[in-house]
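Asker: Here's a sequence, model it:
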Amino acid sequence: MTDYAAAPKKSNGCLKALGCGCLAVVVLLIVLGVGGFFGLRHLVRKFTAEYTATEPRALPAVAMSDEQVQALMTRVKTFGEAVQAGQAVEPLVLRGDDLNALIRASAAKELADSIYVTIADSQIRAEVSLSLDRFGKWTRGRYLNGRAAVTVSLRDGRLQAFCEGLEVNGKSLPDAAMSQLRQENLAKDASSDPKTAEVIARLESIEVRGDTLIVVPRRASAQAP
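Answerer: Alright, predicted model coming up:
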């Protein structure tokens with residue numbers, strides 16, 4: 001078994017391909033709406049003592065066999081290469097364990113070790129324990145521990161991720177902050193990265209249905225050049 005909470009990161013050639021590397025970027029945007037989540041910095045400044053902790057939260061370990069991981073990587077790479085080549089291919093269906101494995105395989109170690117996701121009731125739910133050292137001396141040694149529930153869709157080339165629930169350090173955000181956050185598309189800047197934009201342009205839809213994330217490619221005749 002490969003325990004991704006403890007295993008060292010290894011370079012994987014397929015992560016440079018459309019099907020793994022860039023798709024993983026899209027997945028990361030979906031899972032957390034990273035830019036939006038880091039956008040809570042103004043709240044952290046104001047409520048550091050209340051909404052941050054001095055210790056990280058222990059997240060569940062993700063354990064998959066080497067065979068399962070290899071099969072996942074092969075499946076995602078095959079999907080990505082077919083989409084890139086404009087070939088017909090079945091939708092890519094991913095579950096929570098798949099997303100966790102992709103994140104741990106392709107994200108920076110700090111981010112990969114800070115996120116654990118599940119998919120249920122057509123939502124992506126993330127547990128997060130992020131070090132805030134990067135934001136300056138006023139948060140050094142503090143951690144943002146939280147849980148978020150996000151709804152996701154891709155329609156007409158626009159990736160959308162909206163936060164439906166958020167708990168930070170065991171507390172809910174003030175109603176005014178939560179109301180504003182619910183209206184913010186956490187993936188609004190997804191297409192600003194050229195590689196991510198290329199992936200999105202080749203997809204018909206992304207949908208969270210039940211306990212699965214379904215990525216549907218555009219028909220071959222409708223692929224972007």
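
Asker: show me where the chain has helices.
Answerer: All helices of the chain, identified by DSSP state H, fall at 23-32, 34-38, 41-46, 48-51, 66-84, 96-106, 109-112, 175-182, 194-201.

Asker: if you average pLDDT over each of those helices, which comes out lowest?
Answerer: For the helices of the chain, the bottom mean pLDDT is recorded on helix 34-38, which sits at a mean of 47.

Asker: bridging residues for Ser129?
Answerer: Asn145 (DSSP bridges).

Asker: show me the contacts for Leu72.
Answerer: Counting by C-beta atoms under 8 Å, 6 or more residues apart in numbering, Leu72 touches 64, 98, 101-102. C-beta here means a position set from N, CA and C on the backbone, and glycine is covered the same way.

Asker: Of these, which is the most crowded?
Answerer: Comparing the contacts of Leu72 on neighbour count, Leu102 comes out first with 25 neighbours (neighbours: other C-beta atoms under 10 Å).

Asker: That residue touches Val76, doesn't it?
Answerer: Yes - if you go by C-beta atoms under 8 Å, Leu102 and Val76 touch, sitting 7.0 Å apart.

Asker: Next, count neighbours for Asn100.
Answerer: Asn100, neighbours per other C-beta under 10 Å, totals 24.

Asker: who are the neighbours in contact with it?
Answerer: 4, 62, 115-117.

Asker: Going by distance to Arg202, which of those wins?
Answerer: For the contacts of Asn100, the residue nearest Arg202 by C-beta to C-beta is Val117; the value is 23.6 Å.

Asker: if I look at Lys195, how far off is Gly80?
Answerer: Note on Lys195: its distance to Gly80, by C-beta to C-beta, to the nearest Å, is 12 Å.

Asker: And Ala101, by the same measure?
Answerer: Distance of Ala101 to Gly80, computed by C-beta to C-beta: 15 Å.

Asker: ok, back up a step: the contacts of Asn100 into TSV, with extra columns for neighbour count, distance to Ser131 and pLDDT?
Answerer: Formatted as TSV, the contacts of Asn100 follow (neighbours: other C-beta atoms under 10 Å; distance: C-beta to C-beta, whole Å; pLDDT from 0 to 100):
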residue	neighbour count	distance to Ser131	pLDDT
Tyr4	20	18	45
Val62	21	19	80
Ile115	22	13	87
Tyr116	25	16	90
Val117	26	19	90
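
Asker: Those into a markdown table, with extra columns for distance to Val128?
Answerer: Listed next are the contacts of Asn100 as a markdown table, based on distance: C-beta to C-beta, whole Å:
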| residue | distance to Val128 |
| --- | --- |
| Tyr4 | 16 |
| Val62 | 15 |
| Ile115 | 6 |
| Tyr116 | 8 |
| Val117 | 9 |
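
Asker: Val62 against Ile115, yeah?
Answerer: No - using C-beta under 8 Å, Val62 makes no contact with Ile115, being 10.1 Å away.

Asker: For the spatially closest residue to Ser122 that is not a sequence neighbour, list each beta-bridge partner.
Answerer: Nearest residue to Ser122 in three dimensions, chain neighbours excluded: Val208, at 5.1 Å (C-beta to C-beta, 6 or more residues apart in numbering). Here Val208 sits in beta bridges with Leu213, going by DSSP bridges.

Asker: so who does Arg155 touch?
Answerer: Listed by C-beta under 8 Å, 6+ apart, the contact partners of Arg155 are Ser205.

Asker: Between Lys195 and Gly80, which has more neighbouring residues?
Answerer: Taking other C-beta under 10 Å, Lys195 and Gly80 do not tie; Gly80 has more neighbours (24 against 12).

Asker: Many thanks, we can stop here.
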